[in-house]
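> Sequence first, then the predicted structure:
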Amino acid sequence: MLKAQLGTNGPSIPRIGYGAMVLEGYYGTSDDITAVDTLSRAMDLGLMIDSADAYGNGHNEVLIAKALEHRGERPFIATKFGLVFEEGLSAREINTGWGFSLRVNASPEYAKTALDASLRRLNLNQVDLWYLHYPDPEIEIEETISAMADAVDAGKVRYLGLSNVTAEQVRRAHSVHPINAVQYEYSLWRREVETELLPTLRDLGIALVAWSPLGSGFLTGTVTKLDESDFRQSNPKLSGDNFEANKKRFEKVTKIASELKLTPAQLALAWLLSQGEDIFPIPGTRKSSRIDENLLSASTTLTQELVDRINQITAPGAFVGETLL
Ligand SMILES: NC(=O)c1ccc[n+]([C@@H]2O[C@H](COP(=O)([O-])OP(=O)(O)OC[C@H]3O[C@@H](n4cnc5c(N)ncnc54)[C@H](OP(=O)(O)O)[C@@H]3O)[C@@H](O)[C@H]2O)c1
């Protein structure tokens, strides 16, 4: 298993993790029995499990607790807080540009309640990595991190993380308490992090956990159309003419994958792994066989010549449809 250290003084964990969000039906239906089986496969392999309190409005953490039952060694569990999913709780609205808004609350009081609720649902006394899911425009990030640091002191959390933040926010947060990981969208079709965020993380010794490393499924070459209930319909890269234009662009990547006898998903992940030992992709799937398929990408080393070729095809701007988040 290919492993690396998650941030300075962080634990050594597999470079490829498992993103559990898809088990909540956002990208097609899912049932609890299969979901627990899939989670169990990821846990058997010792992968970092990535969740959030907001996934399935708490249900995702309950599924993880089920998969953890009767397990000797506990895998590395990451969860997040800050996206408010309960009606009636105070929150700030953020426009995602995806046709819906997010409700955010990162106040110290909310952080404390949210963590206790996550631990209850997960049936754990401690979570390994706890992220701020999205910064709150009305709360200074230092205030939020200070509350998160209290949770570390209280033994409820081992490491802290941030998600969907700017380089400046990372610097401010890291000056209050060491941050081990920052989560941001990073894949062949979304490379904005390379400009400012990733260099800052490298400067500070923080790992980048790449969310949607398979472009929400698009980079596997298997998404050819989306039905109406599919949450990805509102992704600017997957809607209308953009979808068709992006498919055309992606054909060049598919061709390279087949030359290498890899699936497009494996090539997309191998490319991410080639970007540095500090990158941890967390692909999501509802099917345990795909966890194994995706893990094989870690056994592939891409030559620099190939990486350069892929970089050229997927240079920032190559895929159309701008994402705000
Ligand atoms: N911090 C944040 O704001 C944030 C935002 C989004 C996501 N995330 C995290 O990142 C994780 C991954 O992102 P994501 O689920 O959005 O997207 P993703 O991992 O890029 O793609 C997931 C999709 O790819 C498909 N897939 C996976 N492996 C495949 C394979 N080998 N062949 C064909 N299809 C395959 C899955 O379909 P099947 O289920 O049918 O296999 C699923 O629909 C999430 O689970 C979540 O933990 C975080």
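Looks like it arrived, so ask away. Numbering: from 1, shown residues only.
> where are the low-confidence patches of the stretch 151-300 of the chain?
Judged against pLDDT under 70, the stretch 151-300 of the chain has no low-scoring part.
> Which parts of it are strands?
Here the stretch 151-300 of the chain has its strands, by DSSP state E, counting those that start in this stretch, at 157-163, 181-185, 207-211, 279-281.
> now those in JSON lines, with distance to the ligand and mean neighbour count?
Quick note: C-beta positions are derived from backbone N, CA and C, even for glycine. Formatted as JSON lines, those follow (distance: least, C-beta to the nearest ligand atom, whole Å; neighbours: other C-beta atoms under 10 Å):
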{"stretch": "strand 157-163", "distance to the ligand": "4", "mean neighbour count": "23"}
{"stretch": "strand 181-185", "distance to the ligand": "4", "mean neighbour count": "24"}
{"stretch": "strand 207-211", "distance to the ligand": "3", "mean neighbour count": "25"}
{"stretch": "strand 279-281", "distance to the ligand": "8", "mean neighbour count": "24"}
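> The closest residue to the ligand within the chain: how many residues sit nearby?
Nearest residue of the chain to the ligand: residue 19, at 2.3 Å (C-beta to the nearest ligand atom). For residue 19, the neighbour count with other C-beta atoms under 10 Å is 27.
> which ones are touching the nearest residue to it once chain neighbours are set aside?
Ranked by C-beta to C-beta, 6 or more residues apart in numbering and with sequence neighbours excluded, the top spatial neighbour of residue 19 is residue 284, at 3.6 Å. For residue 284, the contacting residues are 18-23, 27, 214, by C-beta atoms under 8 Å, 6 or more residues apart in numbering.
> Counting neighbours, show which residues of stretch 99-109 come out buried.
Going by neighbour count (16 or more other C-beta atoms under 10 Å), the buried part of stretch 99-109 is 102-107.
> wait, residue 216 sits on residue 233?
No. Using C-beta atoms under 8 Å, residue 216 makes no contact with residue 233, being 10.8 Å away.
> In terms of neighbours, single out the busier of these two.
residue 216 (26 against 15).
> what residue lies at the spatial centre of this protein?
The centroid of the chain falls nearest to residue 211 when counting by C-alpha atoms, centre = their mean (2.9 Å).
> Can you name the residues bridging to the residue of the chain closest to the ligand?
residue 50 (DSSP bridges).
> Residue numbering should commence at 386 henceforth.
That works, and once the first residue is 386, the last one we named lands at residue 404.
> quick one on the thing from earlier: where's the residue nearest to the centre of the chain relative to residue 651, distance?
Distance from residue 596 to residue 651, counting by C-beta to C-beta, to the nearest Å: 18 Å.
> Helices of the stretch 436-585 of the chain, residue ranges please.
444-453, 493-507, 526-538, 552-561, 582-589 (DSSP state H, counting those that start in this stretch).
> oh sorry, the question was meant for the stretch 586-710 of the chain
Using DSSP H, counting those that start in this stretch, helices in the stretch 586-710 of the chain cover 625-644, 649-659, 673-680, 689-698.
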